[in-house]
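1. could you look at this predicted model? Sequence included:
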Amino acid sequence: MQLSLKRFTSMIPEFCLSHWLLRVPLAIVFIQQGLSKFPVTSEDAEAYGLPYLVWWIVSYGELGAGIGLLFGGFFAAKLVSISFIPEFGDMLTRFS
């Protein structure tokens, strides 16, 4: 049983870059939605019935989340041989 399981798992291809299939479209959506709120004005916030501070946090938060998803992927790709970089990429993605 153990031998057949090892043989089966060795036949599965490596999907080390498959996270980009989710990361890139989601980052594009976040960045596009964040940029559509610029310039951040109190009139736009009032149109949605939100305080200006909430509107500001949402617009910059969406922009930061999209950028964080992209940078988190680059750091998680282990392109640099520094030991804490993959963990930093994972942390950046989770906070995004």
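-> Here it is on my side, so go on. Numbering: from 1, shown residues only.
2. tally of neighbours for G64?
-> Neighbourhood size, G64 [other Cβ atoms under 10 Å]: 16. C-beta coordinates here come from the backbone N, C-alpha and C atoms, glycine included.
3. that one: which element?
-> Assessed by DSSP states H and E, G64 sits inside helix 52-76.
4. contact partners of that helix?
-> With contacts defined as Cβ atoms under 8 Å, 6 or more residues apart in numbering, helix 52-76 is touched by 19-20, 23-24, 26-35, 37-38, 40, 42, 44-45, 48, 50, 85-86, 88-93, 95-96.
5. could you redo the last one with a cut-off of 7 Å?
-> 19-20, 23, 26-27, 30-31, 33-35, 37-38, 40, 42, 44-45, 85-86, 88-90, 92-93, 95-96 (Cβ atoms under 7 Å, 6 or more residues apart in numbering).
6. cool, and stretch 26-44?
-> Y52, W55, W56, S59, E62, L63, A65, G66, I67, L69, L70.
7. reformat those as a markdown table; add pLDDT, distance to T9 and neighbour count.
-> Converted to a markdown table, these look like this (pLDDT from 0 to 100; distance: Cβ to Cβ, whole Å; neighbours: other Cβ atoms under 10 Å):
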| residue | pLDDT | distance to T9 | neighbour count |
| --- | --- | --- | --- |
| Y52 | 96 | 54 | 14 |
| W55 | 96 | 50 | 20 |
| W56 | 96 | 49 | 16 |
| S59 | 96 | 45 | 20 |
| E62 | 96 | 39 | 19 |
| L63 | 96 | 40 | 18 |
| A65 | 95 | 34 | 19 |
| G66 | 96 | 35 | 23 |
| I67 | 95 | 36 | 16 |
| L69 | 92 | 29 | 23 |
| L70 | 92 | 31 | 20 |
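8. and V40, how many neighbours does it have?
-> Around V40 there are 14 residues (other Cβ under 10 Å).
9. from L26, how far off is it?
-> Separation of V40 from L26 (Cβ to Cβ, to the nearest Å) stands at 22 Å.
10. over to I12?
-> I12 is 25 Å from L26, by Cβ to Cβ.
11. over to G89?
-> 15 Å.
12. and the gap between P25 and L69?
-> 10 Å.
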